[in-house]
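In: Sequence and predicted structure below; questions after.
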Amino acid sequence: MLRACNSQLRPAGRIAFYTIFVPAGLSRADVRRAARAGPSAVTSRGRQHPDLLRSAGFTGVREVDVTEDFLRATRAWSEARSRYAGQLSEAEGEASFRERQRDYRLQARAIEAGILRRSLLVAERAG
Amino acid sequence: MPREKDTIGRFNSRYSLPVTDAALAVEREVIGANVGASGYTTVAQADALIPQLRLRPGTLLLDVGAGRGWPGLYLARKTGCDVVLADVPAPGLATALARADEAGLSGHAYPVRAAAQHLPFRSGTFDAVVHTDTL
């Protein structure tokens, strides 16, 4: 995907993205736990995004850890949705609402345990 | 491929849910505004992208996995740049188009149904690319 993005950019064009990932160096059990706890559609496993960006043809790669904000947002979704549980259950369906609430709790625990992180990556296409 | 289909199905369902007052209140509290967000990128984090991407009037931005238009439409409204919103789930893009019209961004925002791996544009088209939790 990063190669596709690189080819879409003009020389010196810039890319910036937030990404949720399972950090490298975890035990297999923690990797499985983190992958289950993170959003299934978006969680990268053990990838080193700066290296991926460089190999895709980007330069000037910078990474900013935003995991604390990620934890804050995860807790906020869970807590705010709890306060509107009745209306949201009606709109989403009881089972779906409960499943999402459970997912937020699992995700918060994984972030607190340091096995799920989120970063901002910024880079430039080589000119 | 089955996982990708599952993902698209899940987002199709989510984007098709009715927008309730409760959902809007929750989004305002978590994200900081009603912008069609359902993830973890807050308004403050979207603002942080502007200088990083050097967005300004005339810049052409590609938002990959744009969902309902967050943060691409917000960035276009805030900076005056033009934005192409690329994603697969049709309900999300339909909402993005409606949001673009409401925000007065007609002529500056272009929803395109396309996957990140198969973008239908010529090489070197864009000044900037953004995506939020799609990788």
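Out: Thanks, I have it.
In: all contacts plus neighbour counts: C-alpha atoms, from now on.
Out: OK.
In: so which strand or helix has the residue of chain A at minimum distance from chain B?
Out: Using C-alpha to the nearest C-alpha, the closest approach of chain A to chain B is made by A:Arg10 at 4.0 Å. Assigned by DSSP states H and E, A:Arg10 belongs to strand A:9-22.
In: is it true that A:Ser119 touches A:Thr19?
Out: Yes: between A:Ser119 and A:Thr19 a contact is recorded at 5.5 Å, counting by C-alpha atoms under 8 Å.
In: With neighbour numbers in mind, choose between these two.
Out: A:Thr19 (23 against 20; other C-alpha atoms under 10 Å in any protein chain shown).
In: still on that earlier bit, please report the distance of the residue of chain A closest to chain B from A:Phe58.
Out: 12 Å (C-alpha to C-alpha, to the nearest Å).
In: what helix or strand does A:Ser96 sit in?
Out: helix A:94-112.
In: Let me fix that, I meant to ask about A:Trp77.
Out: helix A:67-83.
In: Would you mind getting the angle between that helix and helix A:94-112?
Out: 150 degrees (axes from the mean of the first three to the mean of the last three C-alpha atoms, to 10 degrees).
In: same question for the next helix or strand after helix A:67-83, mean pLDDT?
Out: Where DSSP H and E defines the elements, the next helix or strand beyond helix A:67-83 is helix A:85-92. Mean pLDDT, helix A:85-92: 94.
In: helix or strand for B:Ala76, which one?
Out: B:Ala76 belongs to helix B:72-79, assigned by DSSP H and E.
In: pLDDT (mean, whole number) over that helix?
Out: On average, helix B:72-79 scores 97.
In: buried residues in the helix holding A:Ser96?
Out: A:Phe97, A:Gln101, A:Asp103, A:Tyr104, A:Arg105, A:Leu106, A:Gln107, A:Ala108, A:Arg109, A:Ala110, A:Ile111 (16 or more other C-alpha atoms under 10 Å in any protein chain shown).
In: Could I get the residues you listed in TSV, plus columns for pLDDT and distance to B:Ala76?
Out: Output for those, formatted as TSV (pLDDT from 0 to 100; distance: C-alpha to C-alpha, whole Å):
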residue	pLDDT	distance to B:Ala76
A:Phe97	94	33
A:Gln101	96	32
A:Asp103	94	32
A:Tyr104	96	30
A:Arg105	96	34
A:Leu106	95	35
A:Gln107	95	31
A:Ala108	97	32
A:Arg109	96	35
A:Ala110	95	34
A:Ile111	96	32
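In: Quick one: mean pLDDT for stretch A:57-66?
Out: 96.
In: Can you pull the residues of chain A lying near chain B?
Out: Contact residues, chain A versus chain B (C-alpha under 8 Å from any C-alpha of the partner chain): A:1, A:4-5, A:7-20, A:40-44, A:70, A:73-74, A:76-77, A:80-81, A:84, A:87-88, A:91-92, A:122.
In: that older thread, pick out whichever of A:Arg10 and A:Phe58 has more residues nearby.
Out: A:Phe58 (24 against 18).
In: what sits against that one?
Out: Residues near A:Phe58 by C-alpha atoms under 8 Å, 6 or more residues apart in numbering or on different chains: A:Asn6, A:Ala123, A:Glu124, A:Arg125, A:Ala126.
In: hmm, try it at 6 Å
Out: A:Ala123, A:Glu124, A:Arg125, A:Ala126 (C-alpha atoms under 6 Å, 6 or more residues apart in numbering or on different chains).
In: For it, what are phi and psi?
Out: Backbone geometry at A:Phe58, expressed as degrees, to the nearest 10, gives phi -100, psi 160.
In: picking up where we left off before, now what about the helix holding A:Trp77, what contacts it?
Out: A:Gln101, A:Tyr104, A:Arg117, A:Arg118, B:Val26, B:Val30, B:Tyr40.
In: 7 Å instead, please
Out: A:Gln101, A:Tyr104, A:Ala108, A:Ile111, A:Arg117, A:Arg118, A:Ser119, B:Val26, B:Val30, B:Tyr40 (C-alpha atoms under 7 Å, 6 or more residues apart in numbering or on different chains).
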